[in-house]
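>>> Next come a sequence and a model predicted from it.
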Amino acid sequence: MKRIIQRGACGLAFVVASLVGGWWLGEILSSFSFAMPYWLDVAIRAAMHMAGEPDPLDPEDIETIGLVLLFVTYCIVVAVVLASALRLVRGYLGKRLAR
């Protein structure tokens with residue numbers, strides 16, 4: 001039971017760290033001015049059309065969806081970096097403690 005609680009707490013900490021890291025990465029990168037890529041605009045419009053949205057979306061709605069997608073992407077990038085770092089640290093500590 002103790003191991004389940006430890007793994008759950010570790011998983012929760014990993015998710016929280018990924019969300020916070022994604023938020024901060026978004027804060028850093030949003031300070032640079034850039035226009036939304038054309039391919040992202042087309043992809044959002046195509047996805048909404050496939051989802052059955054009959055009305056054309058406002059440009060503000062597309063920008064909001066684009067920002068949410070960028071936030072999700074930032075969180076995924078931070079999660080991959082955290083998972084890689086965790087794996088490296090576990091491997092290092094495993095070798096060091098095995099001596």
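Looks like it arrived, so ask away.

>>> In what element of secondary structure is residue 52 found?
Of the helices and strands defined by DSSP states H and E, none includes residue 52.

>>> Report pLDDT for it.
Model confidence at residue 52, given as pLDDT, is 84.

>>> Quick check: the gap between it and residue 25.
Counting by CB to CB, to the nearest Å, the gap from residue 52 to residue 25 is 33 Å. No exception for glycine: its C-beta is placed from N, CA and C like everyone else's.

>>> With neighbour numbers in mind, choose between those two.
Higher neighbour count among residue 52 and residue 25: residue 25, with 18 against 6, using other CB atoms under 10 Å.

>>> so how far is residue 35 from the more buried one?
If you go by CB to CB, the gap between residue 25 and residue 35 works out to 19 Å.

>>> and if you look at residue 27?
Looking at residue 27 against residue 35, where the rule is CB to CB, the gap reads 19 Å.

>>> Around residue 95, how many other residues sit close by?
In terms of burial, residue 95 registers 9 neighbours under the definition other CB under 10 Å.
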